[in-house]
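Engineer: How does the following fold in three dimensions:
(2 chains)
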Amino acid sequence: MRAATSDSPMTPRRVRVADAADVPVGGRMLVTAAEREIALFNVEGVLYAINNRCPHKSGPLIRGYLDGCAIKCPMHGWRYDLATGESERPATATVYPVIVEGDGVFIEIAA
Amino acid sequence: MASNDSERVAQAEQIIGHEFRYFVGEKPGWSLTAGPQELELVAHALRVLLHARVVPDFSDDFRALADIQHADGGWGQESISTESAVWVSAFCGLMLIRGNRVLADGRIAASVERAVDYFLDTQQRDGRWVDPRWADLDTTSHPVSFFDVCLALGESYRKTDVARAREAGSRFILDHQSDDGGWYDAEFHPSGVEITAHLIQDSLVADVALGDRIGVRDACARGLACLRAWQADDGSWDDENVDHTMDCTRSSMVVARLLGESASEASIQRGIDWILANKNANGWGDFPGMETNLERTCDGLDTLLKYKAYRATDPHAITRLWGYLP
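Structural biologist: Modelled structure (predicted):
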């Protein structure tokens, strides 16, 4: 299993959020880290982490529809790239770097 | 769960009373008189006030919405936004034209005329309206609905232009119906459930009340059949989506009533039962078990108020709650 990475301008804090076995290929899981709801998705062996609440109307992305390497919100279908959080709509979702180490899944959250 | 219509109506009335008190208690969260707000929520709230027949008690809320209209005749996503957006503007315009049937306020009447100008100015050549937040079909259905209501309520301002624009918008929607009877937009929600529910209730079916000027009965009946086919056994739509279940239930009620068909009766009952069973102590969330939000609570109240009208002895009562009859 691999992990998506991205650069953060702030010093990140690494938080263990799941066991790697909890999110198999094609799976998804809702976790909480630093009091934030974060949705984990395993797309073709790559793990992605995105803030669970759609920036449009706070719809739960964990219940959304996968569309390639993107997630569509279950409320109004706004689509977010899981690697970057970018959208064709006027909003950007927050995404987090994911690290798989041993049997653990870690997320880096800006301190 | 209610076993018959009268039990279901009694249960709905009890919940309406409870939820309306909660809704009024949350007024600082939705009222423009309390400060800046998100206007889709404001419009949802004004719709509850309309259907609860308490507009005179909240007249300042309607006037406040008229007062923040932009110079181009539209409204923004937020009350403090400077850029107009079509979908929310249509929702605001609809609430003002309907609210002003009660208030008869000159400022609001002028605001409605400016909204007419805005929608006539922003329609595309092929009949659609565009808003980046919504699929074009969904966006188009809302100004069409506003124009439907203008015609139904006898609004005379630019009436010929309004009728022409309404027909062009309706034809754009009709031309994009899929062979299975639903409407879809690949860039937005993949299921087609919400968009189909919106289009048949918010724009097309009004044509029946307006005297079959365009001819939408078959399109609406096929859309309604899709809603029945897409409903889950538990009564919900779109994987227990509260918003979409409320949309589909409301849509089924008004479309079935205007078409005079009974095939959706069981579907409507199951939808109402699911909505009644999946509320929080106060209000509704977006999915069962999620925290309450005010927009969904307004939708829940609106759905139950419409269900009461659907069960009323006056067969036109529910159609009036869309503004398609005076």
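Engineer: Only C-alpha atoms from now on, for both contacts and neighbour counts.
Structural biologist: Will do.
Engineer: What parts of chain A come near chain B?
Structural biologist: A:59, A:65, A:72-79, A:89-90 (Cα under 8 Å from any Cα of the partner chain).
Engineer: Run through the residues that contact the nearest residue to residue A:28 once chain neighbours are set aside.
Structural biologist: Distance criterion Cα to Cα, 6 or more residues apart in numbering or on different chains; nearest residue to residue A:28, sequence neighbours excluded, is residue A:41 at 4.4 Å. Listed by Cα atoms under 8 Å, 6 or more residues apart in numbering or on different chains, the contact set of residue A:41 reads A:23, A:26-29, A:47-49.
Engineer: just residue A:72 next, same as before
Structural biologist: Taking Cα under 8 Å, 6+ apart, one finds A:61, A:64-66, A:78-80, B:188-189 in contact with residue A:72.
Engineer: For the residue lying closest to it once chain neighbours are set aside, what are phi and psi?
Structural biologist: Nearest residue to residue A:72 in three dimensions, chain neighbours excluded: residue A:79, at 4.2 Å (Cα to Cα, 6+ apart). Here is the backbone geometry of residue A:79 (degrees, to the nearest 10): phi -110, psi 130.
Engineer: just to revisit the earlier point, residue B:318: which of the contacts of residue A:72 is nearest?
Structural biologist: Proximity of these to residue B:318, judged by Cα to Cα, is greatest for residue B:189, which lies at 28.1 Å.
Engineer: Can you show me the helices along chain B?
Structural biologist: Assigned by DSSP state H, the helices in chain B fall at B:5-25, B:39-51, B:59-67, B:86-103, B:106-122, B:136-152, B:159-175, B:193-199, B:206-209, B:217-230, B:242-259, B:265-277, B:294-310, B:317-320.
Engineer: pLDDT below threshold where in the chain?
Structural biologist: Assuming you mean chain A. A:1, A:3-10, A:111 (pLDDT under 70).
Engineer: ah, no, chain B please
Structural biologist: Across chain B, the ranges flagged by pLDDT under 70 are B:1-3.
Engineer: Chain A contacts on that one?
Structural biologist: B:132-134, B:187-190, B:241, B:243-244, B:286.
Engineer: I'd like the residues you listed as TSV, with neighbour count and distance to residue B:142 appended.
Structural biologist: As requested, these are exported to TSV (neighbours: other Cα atoms under 10 Å in any protein chain shown; distance: Cα to Cα, whole Å):
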residue	neighbour count	distance to residue B:142
B:132	13	14
B:133	22	13
B:134	21	11
B:187	14	19
B:188	22	17
B:189	23	18
B:190	18	20
B:241	19	22
B:243	24	17
B:244	24	17
B:286	24	22
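Engineer: Switch the residues you listed over to JSON lines; also include distance to residue B:83.
Structural biologist: Output for the residues of chain B next to chain A, formatted as JSON lines (distance: Cα to Cα, whole Å):
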{"residue": "B:132", "distance to residue B:83": "13"}
{"residue": "B:133", "distance to residue B:83": "13"}
{"residue": "B:134", "distance to residue B:83": "16"}
{"residue": "B:187", "distance to residue B:83": "23"}
{"residue": "B:188", "distance to residue B:83": "23"}
{"residue": "B:189", "distance to residue B:83": "25"}
{"residue": "B:190", "distance to residue B:83": "29"}
{"residue": "B:241", "distance to residue B:83": "30"}
{"residue": "B:243", "distance to residue B:83": "27"}
{"residue": "B:244", "distance to residue B:83": "28"}
{"residue": "B:286", "distance to residue B:83": "28"}
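Engineer: Go through these and say which is closest to residue A:105.
Structural biologist: For these, the minimum distance to residue A:105 (Cα to Cα) is 28.6 Å, reached by residue B:286.
Engineer: surely that closest one meets residue B:244?
Structural biologist: No - counting by Cα atoms under 8 Å, residue B:286 does not reach residue B:244; the two are 9.1 Å apart.
Engineer: before we move on, the earlier item: could you dump the helices of chain B to TSV with distance to residue A:55?
Structural biologist: Formatted as TSV, the helices of chain B follow (distance: least, Cα to Cα, whole Å):
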stretch	distance to residue A:55
helix B:5-25	24
helix B:39-51	15
helix B:59-67	25
helix B:86-103	17
helix B:106-122	27
helix B:136-152	20
helix B:159-175	28
helix B:193-199	19
helix B:206-209	33
helix B:217-230	28
helix B:242-259	17
helix B:265-277	26
helix B:294-310	15
helix B:317-320	34
